[in-house]
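please work out how this folds:
(2 chains)
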Amino acid sequence: MYKNERSCPLTQQQIIACDFLAIRARVLDVAAFLDRLERSVERNAEGDFRVVTLQQAFQYLATGGSGRVQTIQMLFSDPTTEPLLQLDQKSAYGAFDPREVRQ
Amino acid sequence: MKYIDLHAHMASRTTDDYEQMALTGCIAVTEPAFWAGFDLHSSLAFEDYFHRLTKFEPERAARYGIHHYCWLCLNPKEGENRTLARQVLDLIPRFLDCPNVLGIGEIGLNRITRNEIATFVDHVELALCYNQLIHIHTPHLEDKYKGTKVIVDILSSQSHLDRKHVIIDHAEEHTLGMILDGGFWAGLTLYPQTKTSLARAVDMIEMYGSERLCVASACDWGPSLPTAIPHFVLEMRRRGHAEDTIHTIVYDNPLAFLGQSSKCCLTSDSTAAIWEGLSNAY
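Next up, the predicted model:
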């Protein structure tokens, strides 16, 4: 593997001083997004694969160690290897829909 | 700090953006052919587009002292249409002698279909036939890992391909290692929303080093920032990285890659010549 795990030149306290407020705001945005889903006028996305994958990603955020980004990137990724027989749509969803494998 | 933006779709940007890029140190852009947000329906439309990339955009950039280079192809979003792909592949050689054409790109995959793969392979073979550099688009979001792996596998099977002639763009945390391990150049594209942020790009450079790595704005018709590279420079400085390291990533590296084409000439004389070469074309 090419990766060499070089360190960030900033101390942990410097990283917190630089980034904490921006990250705090993003966490609140995530919480507000989930609350908004709960408050929605119509509950028509139960088990939506994108939200399910997000919830799985939250589990990894709470774990220790490094490599969270890579783990979560793979969580969102299509794990299959075979090409599609033909184009199904132009754009991606942002998360892999497991139903594609079952079909 | 002077910089080169290796991936900028200036055809979808205003002249004000050229000015902002020039004011923030940009001395050259390379513009890959791309998807306009809607499908082009004939090779004539591509011919017009290639004229724009080889004639009009260099002129527009020159008014701000910026060298404009480009890459030609039928982009991955339209790669499913094999008939159109063959017509565009026939058209491309007519433009390869233009002084600002550096190679074939941005080719690659979108949803990773059989037809997209066939179109991608045709473009790679065209590049090899005409000894061109290659600029590669990797799919976004959930398709990125699979698409990058397919692309790396296809390129690795091309025995006549010099991997240093290829840059694989839109790398992220889960694909950067396989690109660099494969001996290719890698590009990180900086987006204000939805994809790689400035902070994550710097994280990746801290983890993988600066060898064979470039950054670019990938500015186009969607949410994007033509001055993303100066913002990246600021983020690198904020993290305490040395000026030499930053210069390597935003200038020396893209120049090393592009300089493999004899058409890429970024000397002080060539910059002076930009102003002298302006016409009254528009």
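
now whichever strand or helix holds residue B:44, how far from the centre of its chain.
If you go by DSSP states H and E, residue B:44 is part of helix B:43-51. Helix B:43-51 has its C-alpha centroid displaced from the chain centroid by 19 Å (Cα atoms, centre = their mean, to the nearest Å).

spell out which parts of chain A neighbour chain B.
Within chain A, the residues that sit near chain B (Cβ under 8 Å from any Cβ of the partner chain) are A:1-10, A:18-19, A:69-70, A:73-74, A:76-81, A:83-90, A:92-96. For glycine as for every other residue, the C-beta is placed from the backbone atoms N, C-alpha and C.

residues touching residue A:85, list them.
B:113-114 (Cβ atoms under 8 Å, 6 or more residues apart in numbering or on different chains).

out of the residues of chain A next to chain B, which end up buried?
A:2-3, A:10, A:69-70, A:73, A:76-78, A:83-84, A:87, A:92, A:95-96 (16 or more other Cβ atoms under 10 Å in any protein chain shown).

which two in those are spaced the farthest apart?
Spatial extent of these (Cβ to Cβ) is set by the pair A:10 and A:87 at 44.7 Å.

hmm, who's touching stretch A:52-71?
By Cβ under 8 Å, 6+ apart, the surrounding residues in contact with stretch A:52-71 are A:72, A:75-76, A:95-96, B:173-174, B:200, B:203.

show me where the stretch 51-200 of chain B has helices.
Listed in chain order, the helices found in the stretch 51-200 of chain B under DSSP state H, counting those that start in this stretch are B:57-62, B:82-91, B:114-129, B:144-156, B:176-181, B:198-208.

buried residues, the third one. List them.
By neighbour count, and taking 16+ other Cβ under 10 Å as the criterion, the buried residues in helix B:114-129 are B:115-117, B:119-120, B:122-124, B:126-128.

tell me where the model's unsure across chain B.
For chain B, applying pLDDT under 70 flags the ranges B:279-282.

quick check: residues of it near chain A?
Near chain A, when you scan chain B using Cβ under 8 Å from any Cβ, you find B:77, B:80, B:110-117, B:139-146, B:149-150, B:172-174, B:176-177, B:180-181, B:194, B:199-200, B:203, B:206-209, B:238-241.

of those, keep whichever come out buried.
Judged by 16+ other Cβ under 10 Å, buried ones among the residues of chain B next to chain A: B:77, B:80, B:110-113, B:115-117, B:139-146, B:150, B:172-174, B:176-177, B:180, B:203, B:206-208, B:239, B:241.

mind listing what the residue nearest to residue B:185 when sequence neighbours are not counted touches?
The shortest distance from residue B:185 to any non-neighbouring residue, by Cβ to Cβ, 6 or more residues apart in numbering or on different chains, is to residue B:167 (3.9 Å). Under the criterion of Cβ under 8 Å, 6+ apart, the neighbours of residue B:167 are B:6, B:133-136, B:184-187, B:214, B:257.

kindly recompute the last result at 7 Å.
By Cβ atoms under 7 Å, 6 or more residues apart in numbering or on different chains, the contact set of residue B:167 is B:135-136, B:184-185, B:187, B:214, B:257.

pop out the phi and psi values for residue A:84.
Dihedral angles of residue A:84 (phi, psi; degrees, to the nearest 10) stand at phi -70, psi 150.

which ones are touching it?
Neighbouring residues of residue A:84 by Cβ under 7 Å, 6+ apart: B:111-113.

re the thing from before, how about the contacts of stretch A:52-71, which pair is most distant?
The widest separation within those (Cβ to Cβ) is 23.5 Å, between A:96 and B:203.

which non-adjacent residue is nearest residue A:72?
Sequence neighbours aside, residue A:57 is the residue nearest to residue A:72 in space, at 4.7 Å (criterion: Cβ to Cβ, 6+ apart).

could you look up the SS state of that neighbour?
Three-state assignment for residue A:57 (DSSP: H, G, I helix; E, B strand; the rest coil): helix.

neighbours of it, how many?
Using other Cβ atoms under 10 Å in any protein chain shown, residue A:57 has 16 other residues around it.

same thing with residue B:185?
Neighbour tally, residue B:185, other Cβ under 10 Å: 28.

where's it relative to residue B:253, distance?
For residue B:185, the distance to residue B:253 equals 8 Å [Cβ to Cβ, to the nearest Å].

shared neighbours, those two?
Counting by Cβ under 7 Å, 6+ apart, the contacts common to residue B:185 and residue B:253 are residue B:214.

inside strands: which ones of the residues of chain A next to chain B?
If you go by DSSP state E, the residues of chain A next to chain B have nothing in strands.

in helices only, show me those residues.
Counting by DSSP state H, the residues of chain A next to chain B place A:18-19, A:69-70, A:73-74, A:76 in helices.
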